[in-house]
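*Asks:* Any chance you could fold what I've pasted below:
(one chain, ligands or ions: 8)
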Amino acid sequence: MKRLLFLAFLTPFVVATSILGVSSSEWHALNVSVGGRLHTARPFSLPCFSIYNGERVMMDEEACGAIQANYTSPNFRLESFSANMNVEYETCMSTGSKCLLSPGSPLNTTGMSCDQGQVPPYYIDIQTAADVKAAFEFSAHAGVPLSIKNTGHDFMGRSRRKDSLGIWTHNLQSMTYHTEFTPSECTASYRAITVGAGVTFEQVYKFAEDNDATFIGGYAQTVGVSGGWMMGGGHSVLSPSFGLGVDRVVEIKLVTPDGKLRIANSCQNEDLFWALRGGGGGTFGVVLESTHQVEPRMPIQVINMTFSPTSSNLPEYFSILVNNSVRWGTEGWGGHVNRQPAGILYVNPRLSLGEATNSMAQLSAFAARNNGSAVLQTLPSWYEFFLNFVVAAQAAVGNSMVLGSRLIPKANFESTEGRAKIVAHLLTQNAQFGMPYIPVGTPISFNYTPGATSVTPAWRDSIWHLSTGVTWPPNSTIQSIRTTLGKLHDFVHQDLTALAPNSGAYMNEGDVYESDHEFTYWGDNYARLLAVKRKYDPRGLLDCWRCVGWKGAAEFPCFPQLD
Ligand SMILES: Cc1cc2nc3c(=O)[nH]c(=O)nc-3n(C[C@H](O)[C@H](O)[C@H](O)COP(=O)(O)OP(=O)(O)OC[C@H]3O[C@@H](n4cnc5c(N)ncnc54)[C@H](O)[C@@H]3O)c2cc1C
Ligand SMILES: *[C@@H]1O[C@H](CO)[C@@H](O)[C@H](O)[C@H]1NC(C)=O
Ligand SMILES: *[C@@H]1O[C@H](CO)[C@@H](O)[C@H](O)[C@H]1NC(C)=O
Ligand SMILES: *[C@@H]1O[C@H](CO)[C@@H](O)[C@H](O)[C@H]1NC(C)=O
Ligand SMILES: *[C@@H]1O[C@H](CO)[C@@H](O)[C@H](O)[C@H]1NC(C)=O
Ligand SMILES: *[C@@H]1O[C@H](CO)[C@@H](O)[C@H](O)[C@H]1NC(C)=O
Ligand SMILES: *[C@@H]1O[C@H](CO)[C@@H](O)[C@H](O)[C@H]1NC(C)=O
Ligand SMILES: *[C@@H]1O[C@H](CO)[C@@H](O)[C@H](O)[C@H]1NC(C)=O
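*Replies:* Ligands and ions are numbered 1, 2, ... in the order given. A predicted model of the protein is given here:
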């Protein structure tokens with residue numbers, strides 16, 4: 001609204017040179033106020049095209065070669081503000097405005113236009129709290145919406161918004177180790193690591209190892225520690241023993257939408273601290289750094305079990321997983337039920353190798369009978385596990401992908417009937433979407449402080465974060481994207497919901513079109529989260545897709561409507 005009014009008063013000449021309804025002199029003033037760190041953003045793959053937004057441009061063969069060669073590399077994409085890991089969010093799905101290549105094969109782009117899609121025309125490379133304050137003031141005054149991007153991993157594209165001013169926190173790269181960290185104005189102290197908002201897991205895992213510590217974090221090199229992961233929940237394969245990301249953070253430094261630099265911990269701005277521990281990224285302010293409690297360096301037991309799935313052995317496989325899951329969770333096992341190769345990769349920080357071997361005996365015997373293997377071993381630290389397993393299995397990105405999921409309560413695993421239902425569901429899911437991908441990283445045997453975090457309470461008594469996903473090729477039509485998204489949505493809201501009707505889902509890895517996202521992502525915490533949102537962002541300067549205080553789909557026109 002504000003932007004339209006603003007436009008109406010400009011002369012035609014200024015309109016012609018304005019971007020997002022803001023004159024070039026005002027953009028210049030913003031640039032000066034952020035120390036020259038305002039940048040233009042063009043689509044990631046533009047160097048491979050000779051037409052940009054309908055106009056002829058020069059291709060850049062060398063830059064294009066590097067983009068093609070590294071198109072699916074998370075580390076390469078991490079360095080570009082314009083790149084997302086899930087590339088549909090670089091595009092405007094509902095209009096087809098995009099600039100994508102085909103992963104794997106060079107694409108003949110002759111005659112094809114590279115269009116801006118959802119990539120903001122400008123972004124600020126954040127260095128200081130004052131940069132963030134300037135961005136909020138500019139947004140309030142000029143009516144230009146904001147978007148906050150860290151690594152661009154978000155599965156709902158919450159780090160993008162069409163025609164927004166981008167805030168990029170990637171270059172906040174500090175790391176500090178504390179043998180004793182006392183949150184400001186508190187008395188208790190913790191062994192902890194403080195990271196700038198741009199720090200990723202591969203960085204902090206190495207840093208923790210160098211300090212003889214274990215950092216509890218996600219299963220990916222390039223996901224950010226302090227952004228969507230931490231604020232949305234943050235599961236780890238070590239979460240069964242050591243809790244979620246929201247359980248480990250002890251202090252957050254952020255700039256709230258009123259422009260104030262604040263410290264949130266359990267002794268000051270407690271309401272904000274609670275909301276930031278589960279309410280989600282992009283909602284309550286721009287985080288500059290966060291401090292997390294660490295564990296000592298410790299040996300980790302690992303089981304790498306694979307087998308050849310067939311229609312005759314799958315029921316037994318699923319039955320073994322389901323029958324053992326409560327015991328495994330109690331013993332401290334966490335990991336993933338994998339799609340390709342089929343099997344599990346679990347870790348345990350509490351058992352000895354002998355205990356671990358006994359614990360997994362039924363599964364190991366199954367693998368031996370089904371053309372598979374189960375290798376148990378002890379690695380001396382989490383970082384050694386990370387190097388050997390997580391890095392080796394790094395998920396390729398650069399494709400279009402979304403997820404849908406539900407947290408499956410422990411109670412479902414505790415009756416014969418409940419277990420049979422889960423097995424039946426897994427067989428159906430396998431038939432429709434392929435082998436289920438199940439992060440087993442709920443904090444099931446972690447002794448949490450009730451009421452300290454705002455994630456859905458479903459996390460606390462669930463055993464599995466049962467998920468599925470869909471992908472589609474870069475040249476898909478708008479209609480086929482809608483059909484694909486709709487098929488996933490229906491499966492989540494029919495089959496998966498029937499399995500766990502009163503549970504919830506992980507807000508970072510749920511269905512993009514979740515029907516009742518307030519309850520599903522936050523349960524009873526939603527009303528209080530909304531009150532905190534209104535207190536710290538009364539002007540509604542921050543908004544993202546199905547986030548706390550979301551203003552609705554009309555504000556995000558690039559998401560197509562389902563049929
Ligand atoms: C390959 C892959 C592996 C994953 N593995 C795991 C896993 O093991 N465990 C797990 O729990 N999740 C995992 N995820 C999901 C991940 O937690 C989410 O995608 C999360 O949103 C990523 O946060 P980000 O800050 O890195 O990404 P971004 O897309 O940059 O940001 C995500 C959200 O946080 C906001 N945000 C980012 N930075 C800031 C900031 N400084 N201040 C305020 N808001 C900010 C953004 O606006 C956006 O709303 C994985 C995702 C992928 C693609
Ligand atoms: C902002 O200022 C810097 C330094 O003067 C300049 O390099 C940069 O191009 C400017 N950004 C924009 C978008 O004009
Ligand atoms: C990208 O690909 C090229 C060609 O394969 C390679 O030489 C380069 O190291 C890769 N990484 C970057 C950051 O360019
Ligand atoms: C690329 O496509 C254009 C237009 O469709 C066509 O004329 C040209 O021959 C193609 N080039 C190659 C190398 O295939
Ligand atoms: C799982 O447990 C049920 C009893 O609840 C039992 O009938 C079934 O055989 C078990 N499955 C396997 C593979 O051991
Ligand atoms: C056994 O496993 C190997 C490797 O996973 C696979 O190539 C082969 O097809 C499998 N054989 C059978 C009979 O399933
Ligand atoms: C896990 O086991 C499978 C099957 O033996 C093997 O192919 C794979 O490389 C192993 N993973 C790692 C990281 O060692
Ligand atoms: C997309 O490209 C593939 C080849 O890469 C082709 O087989 C398919 O027909 C194309 N689909 C559309 C909708 O153009």
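
*Asks:* tell me the helices in the stretch 301-450 of the chain, going along the chain?
*Replies:* Here the stretch 301-450 of the chain has its helices, by DSSP state H, counting those that start in this stretch, at 314-331, 353-359, 361-369, 382-385, 416-433.

*Asks:* Now do the contacts for the residue of the stretch 51-200 of the chain found nearest ligand 8.
*Replies:* At 5.9 Å from ligand 8, Ser102 is the closest residue in the stretch 51-200 of the chain, using C-beta to the nearest ligand atom. Every C-beta, even on glycine, is put in place using the N, C-alpha and C of the backbone. When contacts are counted by C-beta atoms under 8 Å, 6 or more residues apart in numbering, Ser102 is found next to Pro473, Pro474, Asn475.

*Asks:* Report all helices and strands that whichever strand or helix holds Val287 contacts.
*Replies:* Using DSSP states H and E, Val287 sits in strand 286-293. Applying 3 or more C-beta pairs under 8 Å, 6 or more residues apart in numbering; DSSP states H and E, one finds that strand 286-293 makes contact with helix 129-142, strand 190-196, helix 228-232, helix 245-248, strand 249-255.

*Asks:* List the neighbouring strands of that strand plus their orientation.
*Replies:* strand 190-196 (antiparallel), strand 249-255 (antiparallel) (DSSP bridges).

*Asks:* domains for the chain, by residue range?
*Replies:* 2-168, 175-297, 300-523 (automatic domain parsing).

*Asks:* got TSV for these, with distance to ligand 4 and mean pLDDT too?
*Replies:* Converted to TSV, the domains of the chain look like this (distance: least, C-beta to the nearest ligand atom, whole Å; pLDDT from 0 to 100):
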stretch	distance to ligand 4	mean pLDDT
domain 2-168	4	92
domain 175-297	34	98
domain 300-523	14	97
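
*Asks:* would you list those domains in a markdown table and tack on distance to Arg534?
*Replies:* Output for the domains of the chain, formatted as a markdown table (distance: least, C-beta to C-beta, whole Å):
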| stretch | distance to Arg534 |
| --- | --- |
| domain 2-168 | 16 |
| domain 175-297 | 11 |
| domain 300-523 | 14 |
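
*Asks:* Out of these, which is the most enclosed?
*Replies:* Across the domains of the chain, the average number of neighbours (mean count of other C-beta atoms under 10 Å) peaks for domain 175-297, which reaches a mean of 22.

*Asks:* which residue is nearest the centroid of the chain?
*Replies:* Central residue of the chain (C-alpha atoms, centre = their mean): Asp154, 4.1 Å from the mean position.

*Asks:* tell me the contacts of it?
*Replies:* Going by C-beta under 8 Å, 6+ apart, the list of residues near Asp154 reads Asn84, Asn86, Tyr89, Gly228, Gly281, Asn508.

*Asks:* Quick check: the first one touching Met156?
*Replies:* If I follow you right, that is Asn84. No. With contact defined as C-beta atoms under 8 Å, Asn84 does not reach Met156; the gap is 11.1 Å.

*Asks:* rewinding a little: between the contacts of Asp154, which is closest to ligand 3?
*Replies:* Nearest member of the contacts of Asp154 to ligand 3, counting by C-beta to the nearest ligand atom, is Asn84, at 17.3 Å.

*Asks:* Pretty sure that closest one sits in a helix.
*Replies:* No. Under DSSP: H, G, I helix; E, B strand; the rest coil, Asn84 sits outside any helix and is assigned coil.

*Asks:* Excluding chain neighbours, give the residue nearest to it in space.
*Replies:* Excluding its sequence neighbours, the residue lying closest to Asn84 (C-beta to C-beta, 6 or more residues apart in numbering) is Gly152, at 4.3 Å.

*Asks:* Can I take it that that neighbour is in a strand?
*Replies:* No. Assessed with three-state DSSP, Gly152 is coil; it does not lie in a strand.

*Asks:* will you turn the strands paired with strand 286-293 into TSV that also has distance to ligand 7?
*Replies:* Formatted as TSV, these follow (distance: least, C-beta to the nearest ligand atom, whole Å):
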stretch	distance to ligand 7
strand 190-196	26
strand 249-255	30
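
*Asks:* Report the contact partners of Thr169.
*Replies:* Counted by C-beta under 8 Å, 6+ apart, Thr169 has contacts Ile126, Ile148, Lys149, Asn150, Ala197, Gly198, Gly224, Ser226, Gly227, Val286, Val287, Leu288.

*Asks:* can you give me phi and psi for the first one?
*Replies:* The phi and psi values for Ile126, taken as degrees, to the nearest 10, are phi -70, psi 130.

*Asks:* Would you check how far apart it and Asn150 are?
*Replies:* Plainly put, Ile126 is 10 Å away from Asn150 if you go by C-beta to C-beta, to the nearest Å.

*Asks:* Mind listing the shared neighbours of these two?
*Replies:* Trp168, Thr169, Ala197.

*Asks:* hang on, isn't the last one packed against Gly224?
*Replies:* This points to Ala197. Yes. Counting by C-beta under 8 Å, Gly224 is a contact partner of Ala197 at 7.0 Å.

*Asks:* shared neighbours, the two?
*Replies:* With C-beta under 8 Å, 6+ apart, Ala197 and Gly224 have common neighbours Asn150, Thr169.

*Asks:* Identify the residues contacting the closest residue to Phe207 other than its chain neighbours.
*Replies:* Using C-beta to C-beta, 6+ apart and skipping residues adjacent in sequence, the residue nearest Phe207 is Met175, 5.0 Å away. Going by C-beta under 8 Å, 6+ apart, Met175 touches Ile193, Thr194, Val195, Gly196, Val199, Gln203, Val204, Phe207.

*Asks:* In these, find the pair that's most separated.
*Replies:* Thr194 and Gln203 (12.8 Å; C-beta to C-beta).

*Asks:* In this protein, what residue lies closest to ligand 7?
*Replies:* Closest residue of the chain to ligand 7, C-beta to the nearest ligand atom: Asn304 (3.7 Å).

*Asks:* In contact with that residue, which residues?
*Replies:* Gly343, Leu345, Ser373, Ala374, Val375, Phe389.

*Asks:* Go ahead and confirm Ser50 touches Cys64.
*Replies:* No. Taking contacts as C-beta under 8 Å, Ser50 lies outside contact range of Cys64: 10.4 Å.

*Asks:* tell me the angle of the helix or strand where His465 lies relative to helix 416-433?
*Replies:* Using DSSP H and E, His465 falls within strand 462-472. Put simply, strand 462-472 runs at 10 degrees to helix 416-433, going by axes from the mean of the first three to the mean of the last three C-alpha atoms, to 10 degrees.

*Asks:* just checking, next helix/strand downstream of strand 462-472?
*Replies:* Next element after strand 462-472 (DSSP H and E): helix 478-491.

*Asks:* From the contact counts, what lies against that next one?
*Replies:* strand 400-409, helix 416-433, strand 462-472.

*Asks:* Same list, these, but as TSV with distance to ligand 8 please.
*Replies:* Below are the helices and strands packed on helix 478-491 laid out as TSV (distance: least, C-beta to the nearest ligand atom, whole Å):
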stretch	distance to ligand 8
strand 400-409	13
helix 416-433	21
strand 462-472	10
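
*Asks:* Out of the ones you listed, which gets nearest to Ala527?
*Replies:* Closest to Ala527 of those is strand 400-409 (C-beta to C-beta; 20.4 Å).

*Asks:* Please state the backbone phi and psi of the residue nearest to Phe207?
*Replies:* phi -140, psi 130.

*Asks:* Distance of it relative to Ala29?
*Replies:* From Met175 to Ala29 the distance is 34 Å (C-beta to C-beta).

*Asks:* who's Leu379 bridged to?
*Replies:* Ile300.

*Asks:* for it, what are its contacts?
*Replies:* Leu379 neighbours (C-beta under 8 Å, 6+ apart): Pro299, Ile300, Val302, Phe385, Asn388.
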